[in-house]
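Enquirer: Next input, structure requested:
(one chain, ligands or ions: 1)
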Amino acid sequence: MSYTLITGASAGIGRAAAFAFAKRGSHLLLVARRLALLEALKAEVVALYPTCDVVVIATDLSLRDQVYALYEQVRSYDIKRWINNAGFGDYAKIGELNLEKIEQLLHLNIEALTILTSLYVKDHAHVEGSQLVNVSSVGGYAIVADAVTYCASKFYVSAFTEGLAHEMQRTGAKLSVKLLAPAATETEFAQIAREAGEFDYAKALPKYHTATQMADFLVQLCESDNVVGIVDPQTYDFVLRDPIYPNASNTAQSQLSVQ
Ligand SMILES: NC(=O)c1ccc[n+]([C@@H]2O[C@H](COP(=O)([O-])OP(=O)(O)OC[C@H]3O[C@@H](n4cnc5c(N)ncnc54)[C@H](OP(=O)(O)O)[C@@H]3O)[C@@H](O)[C@H]2O)c1
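Expert: Below is the predicted model of the structure:
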């Protein structure tokens, strides 16, 4: 009975990923704040895949105590794959930020992801077949105007996850570490980032992916030997590749230079 845990499973990419991994025979632990949406998703998944065990957990991962409590709650399950997908964006100039929203963004996009990653690594670094996926963004590799704070949070996710992948390789650990970097994907993301009502992707953008396409890319990444799965922001092709940030951790010289 092995499980895939997905944070941010009530909507968008996480929701589509639930169907994709159930289809591949995985049981599911689905996490988000909106319990009614999680329950509805569970019913849909079980109707399609009756042997799939679906456990739903309603929690707010922008609250540190709930992050630790989630990990304790699921620790007894055999979690083969952990996907830190929950996250949101914000479009505003830095001097005009809604700091209450930004505090939540930093807690969710950075703090919760770091705590959950660290706890999972502690328990699974040497477990054969285990996998951790963090969801970043193309905005985790390039700054987007008026989304600087969000991009900076995703730069953190990309650097932290690529660094972890190097660490796992260097130490001979069994855990495989992956990073998904979507570009525009049709979900609730734009509406929440913009706080300006419904967002019509087809009208506003020349290119974008659906959440189902993105979940298929996520599966491709999980089944590959590559660390990074990123959407090319020009062509919108999905590209599997090695880590992108320079890795200075292999030389004594570079270790000294960052001290
Ligand atoms: N869509 C894009 O264009 C795009 C592009 C690049 C990267 N991404 C990244 O992809 C990931 C998924 O986003 P999405 O596009 O699927 O957005 P979405 O449709 O808004 O889904 C976000 C998910 O995160 C959950 N969530 C939000 N705040 C939470 C909290 N405090 N605690 C627990 N769960 C929380 C939401 O559920 P509840 O509201 O029920 O909690 C929802 O299930 C994010 O990390 C995002 O940054 C998206």
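
Enquirer: in what helix or strand does residue 164 lie?
Expert: Element membership of residue 164, judged by DSSP states H and E, is helix 148-170.

Enquirer: Mind checking what helix or strand follows that helix in sequence?
Expert: Sequence-wise, the next helix or strand downstream of helix 148-170 (DSSP H and E) is strand 176-181.

Enquirer: quick one: contacts of stretch 44-53?
Expert: Where contact means CB atoms under 8 Å, 6 or more residues apart in numbering, the residues beyond stretch 44-53 that reach it are 1, 3, 18-19, 22-23, 26-28, 54. For every residue, glycine as well, the C-beta is placed using N, CA and C.

Enquirer: what's near enough to touch residue 113?
Expert: Contacts of residue 113 by CB under 8 Å, 6+ apart are 84, 87, 134, 157, 160.

Enquirer: quick one: the strands in the stretch 151-259 of the chain?
Expert: 176-181, 185-186, 209-210, 228-231, 238-241 (DSSP state E, counting those that start in this stretch).

Enquirer: which residues of the chain fall in helices?
Expert: 12-23, 35-48, 64-74, 99-105, 113-124, 148-170, 189-194, 201-204, 211-223, 252-257 (DSSP state H).

Enquirer: Residue 241 is nearest to which of the ones you listed?
Expert: helix 211-223 (10.2 Å; CB to CB).

Enquirer: which residues are contacting the closest one?
Expert: By CB under 8 Å, 6+ apart, helix 211-223 touches 12-13, 15-17, 19-21, 24, 81, 83, 131, 133, 178, 180, 182, 185-187, 209, 228-229, 231, 238, 240.

Enquirer: again, but for stretch 25-39
Expert: 1-11, 14-15, 18, 21-22, 41-42, 45, 52-61, 70, 74, 77, 79-81, 86.

Enquirer: restrict the residues you listed to contacts with the ligand.
Expert: By CB under 6 Å from any ligand atom, the members of those lying near the ligand are 7-11, 14, 60-61, 86.
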